[in-house]
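give me the fold of what follows.
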Amino acid sequence: MQIVFKHLPLSMHSKAPAAHKAAEAAYLQGKFWEMHDRIFSAQREMSPEKYLAYAAEIGLDIDRFKSDLESAKVKRRIDSDTKEAGAVGVTGTPAFFLNGRFLSGAQPFEAFKRVIDDELKNKS
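Residues are numbered from 1 along each chain as shown. Down below sits the predicted model:
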């Protein structure tokens, strides 16, 4: 099994671009999920100042993190993910693909179970 996270900062969410940049900058130091989890656990506190605090908490090199936040590499990665989302018809979050099968929006466990069970049955 493989889990892949793709960025899609929604234009209606003014704090999304900075959050995605923070997560991607953390990724460059091997700490994507740690940053991701902190951002999502305190969504009402989303701010560049908070991302710097989280970076320190998870042990990132702060100078590198600050530099990466504004780097062309981080921008290219987020722009590429956003373009890819559009190409496959994703217009909102969350969005999931399970063996190429698209589930849009927040889904109950049963929806995932149904697709997974169906995929496992088709493999036999």
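
tell me the domain ranges of this protein?
As assigned by automatic domain parsing, the chain contains the domains 14-87, 91-124.

ok, residue 38 to residue 15 distance?
14 Å (Cβ to Cβ, to the nearest Å). All C-beta atoms are positioned from the backbone trio N, CA, C, and that covers glycine.

my bad, residue 68
Distance, residue 68 to residue 15, by Cβ to Cβ: 19 Å.

which one's more surrounded, those two?
Neighbours per residue (other Cβ atoms under 10 Å) separate residue 68 from residue 15, with residue 68 holding more: 21 against 14.

surely the more buried one is in contact with residue 75?
No. Counting by Cβ atoms under 8 Å, residue 68 sits too far from residue 75 to count as a contact (10.4 Å).

which neighbours do the two have in common?
When contacts are counted by Cβ atoms under 8 Å, 6 or more residues apart in numbering, residue 68 and residue 75 have no shared neighbour.
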